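# Build the 3D model from these lines:
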Amino acid sequence: MTQREIFFVANEVNELGGVGRWQEQMARLLSERGHRVRIIGIAPPEVPMDLGARPPYETLTLYERRPPGRHRPHFPLGRLHPAARIQEADRRAAAERLSSVFRAARPGAVIIVTQVWAMEWVALADTAGHPVIGMSHESFAASRRSSRFGRVRRYYRDVDRLLVLTQEDADLWTGEGLNNVGFLPNPLPVTPSAPSPRTEKVVASIGRLSHAKGVDLLLDVWAEAAPRQPGWILRVYGAGEHEAALRRQCTDLGLDDSVEWAGQTDNVIGALGRSSVFVQSSRGEGFPLVLLEAMACGVPCVAFDCSPGVREIVRNGEDGLLARHGDVSELACHLVRLMADENLRDAMGERARENVLRFAPDVITRRWEELFDFLER
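Numbering: from 1, shown residues only. Below you'll find the model as predicted:
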């Protein structure tokens, strides 16, 4: 195995969230296999994630404060405006810091740009002939609904590889005229030594209390499901800007006796170990780590089929149940089915725990190393 220098260039070194958790795990996994890993962030995080006292990789942040993206703000005189010229000079100075780091790397180094905003700086830098891998951690559909769609096509068109999370999304990007697309799923974040006993009458939801995560839809689902299975609790883990509105919705629906607001948790495995079913009601997802975690804990999942990543993880009818995207009543029926049938919960939970091993960290890390070797040829 060739030991390499590997650079992760991201919006932030340690922003709390799915991309941040994936990045930290991959940096740790590759470091453990003898690679020298550095994470370079463009800006400081808004909500930092604890990386531990002595992570096995180096970190660097280019800016002390978050700079604007290249496509904003719009000045009256465009690039001739004095403020725009100052920002562009500042951006080029930051890109030169990147260039100096890349130039100092030994042959065989690889640059992995985990988010397209960060690619705006890498595009200005001298990558010193090292292969560049650009990543999109969201589904094609979610990207298409955002400003990132055009930026992915612009900034990732000429990188050595554009990596997405599923074959289905890779095919869709190829259909947009990109001929450098591949896919690699996220690795399993944890492998608990024992599954959840699935004895508590608890349905767990874990995620930010935001519009994208669809907790408002989940409350509508619970309003249909809870009366059909008395004694069960929906335990909602998470915090966010919509919390007050969601609590009011819960009260208006008469659900206060069967919904617990557990707040943000740093112990996802502990939370899942006290649950018998996991539910995800997101309006959109990439390749959600929490589904992998729930399955690793032997907790069967019920979710909206909102992206290729979700249906790649959950095998509908085998190790979990998927409802049509946004179909509240169907999701409620799936929940009731698992809440009512202990044997079905146990069977699906055990199959989930077995099936999720196809995303085991060593399996995914080897695929990354194979990609590095391929790009070097």
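# just the helices in the stretch 51-200 of the chain please.
Using DSSP state H, counting those that start in this stretch, the helices assigned to the stretch 51-200 of the chain run over residues 82-103, 116-122, 140-144, 148-155, 167-174.
# so which of those comes closest to residue 253?
Distance to residue 253, taken as Cβ to Cβ, is lowest for helix 140-144 among the helices of the stretch 51-200 of the chain, at 28.0 Å. Quick note: C-beta positions are derived from backbone N, CA and C, even for glycine.
# okay, the closest one in CSV with CA atoms only?
Output in CSV follows, covering the C-alpha atoms of helix 140-144 (Å, rounded to 0.1, in the frame of the first residue of the first chain):
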residue,chain,number,x,y,z
PHE,A,140,-28.6,15.2,-7.5
ALA,A,141,-32.1,16.3,-6.9
ALA,A,142,-31.2,18.4,-3.9
SER,A,143,-28.3,20.0,-5.7
ARG,A,144,-30.5,20.8,-8.7
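# so how far is it from its chain's centroid?
Its chain's average C-alpha position is 14 Å from that of helix 140-144, according to Cα atoms, centre = their mean, to the nearest Å.
# Which positions in the worst-scoring helix or strand of the chain on mean pLDDT come out as buried?
Of the helices and strands making up the chain, the lowest-confidence element is helix 82-103, at a mean of 88, by mean pLDDT, DSSP states H and E. For helix 82-103, the neighbour count (16 or more other Cβ atoms under 10 Å) marks 84, 87, 91, 94-95, 98-99, 101-102 as buried.
# Who are the packing partners of that helix?
Packed against helix 82-103 by the contact rule (3 or more Cβ pairs under 8 Å, 6 or more residues apart in numbering; DSSP states H and E) you find strand 5-10, strand 36-41, helix 116-122.
# Which among the ones you listed is found nearest to residue 128?
Shortest distance between residue 128 and the helices and strands packed on helix 82-103, using Cβ to Cβ, is found for strand 5-10: 10.8 Å.
# After that closest one, which helix or strand is next?
Later in the chain than strand 5-10, the nearest helix or strand by DSSP states H and E is helix 18-32.
# for the record, mean pLDDT for that following helix?
Mean per-residue pLDDT for helix 18-32: 95.
# quick check: angle from it to strand 5-10?
Interaxial angle, helix 18-32 versus strand 5-10 (axes from the mean of the first three to the mean of the last three Cα atoms, to 10 degrees): 170 degrees.
# when you give positions from now on, start the count at 3
In the new count, where the first residue is 3, that last one comes out as helix 20-34.
# Identify the residues contacting residue 88.
By Cβ atoms under 8 Å, 6 or more residues apart in numbering, the contact list for residue 88 is empty.
# picking that back up, could you identify which of the helices and strands packed on helix 84-105 is most buried?
When you average the neighbours per residue for each of those (mean count of other Cβ atoms under 10 Å), strand 7-12 leads with a mean of 25.
# Tell me the strands beside it, with direction?
Paired strands of strand 7-12, with direction, are strand 38-43 (parallel), strand 112-115 (parallel) (DSSP bridges).
# and residue 275, which of those is closest to it?
Nearest to residue 275, of the strands paired with strand 7-12 and by Cβ to Cβ, is strand 38-43 at 30.1 Å.
# With mean pLDDT and distance to residue 310 as new columns, can the helices and strands packed on helix 84-105 be given to me in TSV?
Converted to TSV, the helices and strands packed on helix 84-105 look like this (pLDDT from 0 to 100; distance: least, Cβ to Cβ, whole Å):
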stretch	mean pLDDT	distance to residue 310
strand 7-12	98	23
strand 38-43	98	27
helix 118-124	96	19
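# Looking at the ones you listed, which is nearest to residue 221?
Of the helices and strands packed on helix 84-105, the one closest to residue 221 (Cβ to Cβ) turns out to be helix 118-124, at 32.6 Å.
# That closest one: how far from the chain's middle?
With Cα atoms, centre = their mean, you get 18 Å for helix 118-124.
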